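Sequence first, predicted coordinates after that:
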Amino acid sequence: MKKQYSYIGISFIILIFGIWAVPKIINSLSQPDLDVIGTVQPFSFTNQNGKTITNKDFEGKVYVVEFFFTTCPSICPIMTENMIKIQNEYLGNPKVGIASFSIDPEYDTPEILKEYASNKGITKPQWHLLTGEKDAIFKLANEGFNIYVGEASEVEGGFEHSGFFALIDQEGNIRSRKDENGNPIIYYDGLDDKGIQMLKEDIKILL
């Protein structure tokens, strides 16, 4: 009789474990793998509140990086609108941050960035609009992230840059999901709803 009770007890434990574990296993199998494609180089710039922000301020946080400028007449308004969707998705979560580096720091002073933030509805305390030495910002973009930025006098606005967003994990690694062929997408399209949805999902995975 005691053996029978012990078998019933063990069976009950196995059943409870199965109820708890199976959905987690299924969920983990359905989530995309996120490759490490690089490490964020150290940086130090000034945010819209006049505070010095470095990569160390993002340690322990999942964050998204973009390169933009406030007077951009083309893709930046779309990028900002889509980044606000990321902000709103994780507005109350201090473990999610955003770093927006201005590629026109001579114009985009902290005061200009603060006004831009107010006009665009940027309210998340962990969203830093960053300005500083132009050469350092260009180097961080072109060499640190391999996200192209450049001056172009023939282009309206005077600068060229991509609309990509980079996803960074809590240890400062640049992360990326894979495409249907198993290759990392590297960056997320900040101009496309599909790219923004993927970014939301992958932030959740890293958290």
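Good, I have the coordinates. Numbers count the residues shown, from 1 in each chain.

quick one, what contacts the residue lying closest to residue 171 once chain neighbours are set aside?
Leaving aside its chain neighbours, residue 171 sits nearest to residue 59 (7.8 Å; criterion: C-beta to C-beta, 6 or more residues apart in numbering). Every residue, glycine included, has its C-beta placed from N, CA and C. By C-beta atoms under 8 Å, 6 or more residues apart in numbering, the residues touching residue 59 are 170, 171, 172.

how would you label the residue nearest the centre of the chain: helix, strand or coil?
For the chain, the residue nearest the mean C-alpha position is residue 64 (1.8 Å; C-alpha atoms, centre = their mean). Under DSSP: H, G, I helix; E, B strand; the rest coil, residue 64 falls in the strand class.

Residue 125 in helix, strand or coil?
With three-state DSSP as the criterion, residue 125 reads coil.

Give me the buried positions along the host helix or strand of residue 116.
Using DSSP states H and E, residue 116 falls within helix 110-120. Residues of helix 110-120 classed as buried: 110, 112, 113, 114, 116, 117, 120 (neighbour count, 16 or more other C-beta atoms under 10 Å).

what helices or strands is it leaning on?
Under the contact definition 3 or more C-beta pairs under 8 Å, 6 or more residues apart in numbering; DSSP states H and E, helix 110-120 sits against strand 127-130.

Send me the strand it packs on as PDB with only the CA atoms.
Below are the C-alpha coordinates for strand 127-130, written out as PDB (Å, rounded to 0.1, in the frame of the first residue of the first chain):
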ATOM      1  CA  TRP A 127      15.600  57.600 -23.600                       C
ATOM      2  CA  HIS A 128      18.700  59.700 -24.100                       C
ATOM      3  CA  LEU A 129      19.100  62.000 -27.100                       C
ATOM      4  CA  LEU A 130      22.900  62.400 -27.300                       C
END
